[in-house]
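Chemist: need coordinates for the following:
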Amino acid sequence: MIDCRLSCARRARRDSRAVLFVALCSAVACGYGRPETEDAYRSTVQVSDSAGVTNISLGRVEDLSVPDLETRLVFSTRELGVELFYAGGALLLDDGSLALANTGASEVLLFSRDGSLATRVGGQGEGPGEFSAITTLIGTPEGFVAYDARLARLTEFSANGEFIDSWPLSAQSSIVDLRPLAIAADGSMLAILGEQRFFMPEGTKRDTTPLLSFADPGTEPDTLALLPATEWSYGAIPGGGATRREPGFGRDIVASGFRDRAMLGDTDLLELSVHTAEGNQTRRIRGTGGGWPVTADEIETSRAARLARLGSDAPDWYAQMIENAPFRETHPAFHSAVLGPDELVWIGLATRPAEETRDWLVIGPDGQPRGRLNLPAEASVLAVDADRFVVLQRDALDEEEVRLYRY
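Modeler: Below you'll find the predicted structure:
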């Protein structure tokens, strides 16, 4: 069980705070160290160690010669007849089982390694082991911790779903859109804020989000850095008010956690950094990708897809806003990234709007590419480990399906 009251958490946080802040300032606030030319990257993957930090230089990721990895479907929730209502996160546990947050139903679904639904954990409520809104799952040696955003509470369960303990955040730091990323054995935690933002005047703005360090959940967090977050386009609503949408080909934060590790990045440039929950940087991955100019045809394709999703009942003013929505002039450097055990990293590469699939590059714990997988472009990779991965897909009716694969 995680001891969230140990005084050593405060000491660990103080000792590492300056190290993490300097690393993030160099990697984020100062532009992620963009090289002056692409020649700064070598044509082959280079892995080196500097002061305990593993540095990985990928070069241009689209040009890497890596094998295609074979996949095998283990099970899908649709085939099992399990209905999902807003799948909020997933964890691949050490015993081969899968924990899946069925957020809309206030429960965690536990699937056994053979694909059967073993149990449902939680339920609507505020009692021990109950939930109001599960937004995050984080693995622990004993099982997993679920974060309830509305109750601002962390709850720990064993791998088979037995309630172990729960503890709230301090009253002053109970933030609805907090997103925990990593929890150490001593209870120290790294987190960012999620999607709750204030509307701005009309135009496009790149939001920031604080990286928060909790010595333990009962104390106020320290802000270690301000990271570039979601890019939004704001527009006025007739009669007053404002609305927001992500601009076409906009940029976003990349934030993924696995137990006591957190990975941070920004889709504007392909650079990812891995940190411990106490704040020490352990890995840095750099490369180039995407960045192609956005064509007029791509803008029209993207705009048509957005209008189609509105349906025929959408207000005229809203359709007009979509018609006039701004678009970035270049594609992002990459799509997203997911952290796995032993600092295994999956990187979702950039795609063009007409492409139906997306390549995912798998970087092993040794820093070398293990291979490449091709998945549906709109699929979200929820969790990965050494030989399994979990994918979330939505159909035309917005019905969710989660699939577990081996690779």
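
Chemist: where does the stretch 101-250 of the chain dip in pLDDT?
Modeler: 171-176, 195-202 (pLDDT under 70).

Chemist: all the strands of it, residue numbers only.
Modeler: Shown for the stretch 101-250 of the chain, the strands assigned by DSSP state E, counting those that start in this stretch span residues 107-111, 117-122, 134-139, 143-148, 153-158, 163-168, 178-183, 189-193, 203-214, 222-236, 242-245.

Chemist: next: the stretch 301-407 of the chain.
Modeler: Using DSSP E, counting those that start in this stretch, strands in the stretch 301-407 of the chain cover 334-339, 345-349, 357-363, 369-376, 380-384, 388-394, 400-406.

Chemist: nearest to A184, of these?
Modeler: Checking the strands of the stretch 301-407 of the chain against A184 by Cβ to Cβ gives strand 334-339 as the closest, at 15.1 Å. (Each C-beta comes from the backbone N, C-alpha and C, glycine too.)

Chemist: any idea what the spatially closest residue to I164 that is not a sequence neighbour is bridged to?
Modeler: With Cβ to Cβ, 6 or more residues apart in numbering as the criterion, I164 has its nearest non-adjacent residue at 4.3 Å, and that residue is E156. Beta-bridge pairing for E156 (DSSP bridges): V145, D165.

Chemist: residues contacting E156?
Modeler: By Cβ atoms under 8 Å, 6 or more residues apart in numbering, E156 lies in contact with M1, I2, T140, E142, G143, F144, V145, F163, I164, D165, S166.

Chemist: out of those residues, which is nearest to E378?
Modeler: Closest approach to E378 among the contacts of E156 (Cβ to Cβ): F144, at 26.9 Å.

Chemist: please tell me how far that closest one sits from G122.
Modeler: Distance of F144 to G122, computed by Cβ to Cβ, to the nearest Å: 12 Å.

Chemist: between these two, what contacts are shared?
Modeler: Common neighbours of F144 and G122, counting by Cβ under 8 Å, 6+ apart, are V108.

Chemist: most distant residue from the middle of this structure?
Modeler: Within the chain, the residue lying farthest from the chain centre (Cα atoms, centre = their mean) is G239, at 36.4 Å.

Chemist: ok, now which ones touch that residue?
Modeler: Contact criterion Cβ under 8 Å, 6+ apart gives no residues in contact with G239.

Chemist: against Q320, how distant is it?
Modeler: Distance from G239 to Q320, counting by Cβ to Cβ: 15 Å.

Chemist: G257 too?
Modeler: In this structure, G257 and Q320 are 40 Å apart, going by Cβ to Cβ.

Chemist: same question for A296.
Modeler: Distance of A296 to Q320, computed by Cβ to Cβ: 20 Å.

Chemist: so these two - more neighbours on which side?
Modeler: More neighbours surround Q320 than the other of A296 and Q320, with 13 against 8 (other Cβ atoms under 10 Å).

Chemist: go ahead and confirm V362 touches V338.
Modeler: No. Assessed by Cβ atoms under 8 Å, V362 is found out of contact with V338, at 10.0 Å.

Chemist: overlap in contacts of the two?
Modeler: Shared contacts of V362 and V338 (Cβ under 8 Å, 6+ apart): V345, W346, V384.

Chemist: which ones are touching the nearest residue to I138 once chain neighbours are set aside?
Modeler: Spatially, and ignoring its direct neighbours in sequence, I138 is nearest to V145 (4.8 Å; Cβ to Cβ, 6+ apart). For V145, the contacting residues are I2, L137, I138, G139, L154, T155, E156, F157, P180, I183, by Cβ under 8 Å, 6+ apart.

Chemist: do that again at 7 Å, thanks
Modeler: Residues near V145 by Cβ atoms under 7 Å, 6 or more residues apart in numbering: I138, L154, T155, E156, I183.

Chemist: which residues does the last one contact?
Modeler: Taking Cβ under 7 Å, 6+ apart as the definition of contact, the neighbours of I183 are I2, I138, V145, M189, D260, A277.

Chemist: any idea how far P315 is from it?
Modeler: I183 is 44 Å from P315, where distance means Cβ to Cβ.

Chemist: would you list every one of the helices in this protein?
Modeler: Along the chain, the segments classed as helices by DSSP state H run 8-24, 77-80, 296-310, 316-323.

Chemist: contact partners for S336?
Modeler: Here S336 is in contact with V254, G348 (Cβ under 7 Å, 6+ apart).

Chemist: show me what it bridges to in the sheet.
Modeler: G348.
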